[in-house]
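Engineer: Fold the following, please.
(chains A and B)
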Amino acid sequence: AQKITQTQPGMFVQEKEAVTLDCTYDTSDPSYGLFWYKQPSSGEMIFLIYQGSYDQQNATEGRYSLNFQKARKSANLVISASQLGDSAMYFCAMRNFGNEKLTFGTGTRLTIIP
Amino acid sequence: DAGVTQSPTHLIKTRGQQVTLRCSPKSGHDTVSWYQQALGQGPQFIFQYYEEEERQRGNFPDRFSGHQFPNYSSELNVNALLLGDSALYLCASSSLREGADTQYFGPGTRLTVL
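Structural biologist: You can find the predicted model right below:
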């Protein structure tokens, strides 16, 4: 069985600061993918970044980077130079290869303070 | 490039009724997955459709059924609605044919059961 744990229900960060959102996962499958999604109050889940279990380097997409520590089973999202528009719910998710479903964590509500 | 679209945006039903939700995948995608997101929780996988067949199913009762059409669009049907079915229903599309891992989500349909 696969499981995602996000231990930070909410975070408040000053605008322009960097923020790290924590995510740990549990799976016995050696092949898997890790995802981060952003969900504004409108409800749409917006894909941010992907990391494959065999990727040697940490994934980066613009201001987003994924701090992948395989031995610790953690996949933290780092947002650099936070902006007011970053205020939203953030979900970590994983998918074992060969299994179609995404398993999500409970999310972290990020609020950027001007 | 058209993204994932869902209709309707909001829906109010009463207990015992039936509901149909619709989803059009992102251009070029052939696979549609459905998720239920209760208030304050992460999305839960309902099922996935590929080549007009249910490919995988999550832990949901038979009251939840679906369909995929030749143009890859999909419907989610829920019979005998319960109060607990009130949630945001998210559709996600991906390209199984291209082996692409990432699921892209639509804006969701918010279902309220009274």
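
Engineer: Let me see the contact set for A:Lys16.
Structural biologist: A:Ala81, A:Ser82, A:Gln83 (C-beta atoms under 8 Å, 6 or more residues apart in numbering or on different chains). Heads up, the C-betas are built off the backbone N, CA and C, glycines and all.

Engineer: helix, strand or coil for it?
Structural biologist: The three-state label given to A:Lys16 by DSSP: H, G, I helix; E, B strand; the rest coil is coil.

Engineer: Would you mind measuring from it to chain B?
Structural biologist: Using C-beta to the nearest C-beta, to the nearest Å, one gets 29 Å for the distance from A:Lys16 to chain B.

Engineer: and the next element down the chain from whichever strand or helix holds A:Ala75?
Structural biologist: Under the criterion of DSSP states H and E, A:Ala75 resides in strand A:74-79. With elements assigned by DSSP H and E, the helix or strand that comes after strand A:74-79 is strand A:88-96.

Engineer: partners of that next one, with directions?
Structural biologist: strand A:32-39 (antiparallel), strand A:103-104 (antiparallel), strand A:108-113 (antiparallel) (DSSP bridges).

Engineer: Find the closest residue to chain A in chain B.
Structural biologist: Per C-beta to the nearest C-beta, B:Gly42 is where chain B lies closest to chain A, at 3.2 Å.

Engineer: wait, what's in contact with the closest residue to that residue other than its chain neighbours?
Structural biologist: The shortest distance from B:Gly42 to any non-neighbouring residue, by C-beta to C-beta, 6 or more residues apart in numbering or on different chains, is to A:Phe104 (3.2 Å). Taking C-beta under 8 Å, 6+ apart, we find A:Phe104 in contact with A:Ile4, A:Tyr37, A:Phe91, A:Cys92, A:Ala93, B:Gly42, B:Pro43, B:Gln44.

Engineer: can you pull up the bridge partners for the fourth one?
Structural biologist: Right, the one you point to is A:Cys92. Beta-bridge partners, per DSSP bridges, of A:Cys92: A:Trp36.

Engineer: what's the burial count for B:Leu111?
Structural biologist: By the criterion of other C-beta atoms under 10 Å in any protein chain shown, B:Leu111 has 21 neighbours.

Engineer: got the contact list for B:Gln36?
Structural biologist: Contacts of B:Gln36 by C-beta under 8 Å, 6+ apart are B:Pro43, B:Gln44, B:Ile46, B:Phe60, B:Ala87, B:Leu88, B:Tyr89, B:Leu90.

Engineer: Just these: which are in strands?
Structural biologist: Members of the contacts of B:Gln36 lying in strands (criterion: DSSP state E): B:Gln44, B:Ile46, B:Ala87, B:Leu88, B:Tyr89, B:Leu90.

Engineer: quick one: A:Gln39 from B:Gly106, how far?
Structural biologist: Per C-beta to C-beta, to the nearest Å, A:Gln39 is found 12 Å from B:Gly106.

Engineer: same deal with A:Glu44?
Structural biologist: Separation of A:Glu44 from B:Gly106 (C-beta to C-beta): 7 Å.

Engineer: ok, these two, which is more surrounded?
Structural biologist: Between A:Glu44 and B:Gly106, counted using other C-beta under 10 Å, the more crowded position is B:Gly106 (24 against 19).

Engineer: In space, what's closest to that one - neighbours in sequence excluded?
Structural biologist: B:Val4 (3.6 Å).

Engineer: so, in contact with chain A or not, whichever strand or helix holds B:Asn77?
Structural biologist: In the assignment (DSSP H and E), B:Asn77 maps to strand B:74-78. No - using C-beta under 8 Å from any C-beta of the partner chain, strand B:74-78 never reaches chain A; the gap is at least 13.9 Å.
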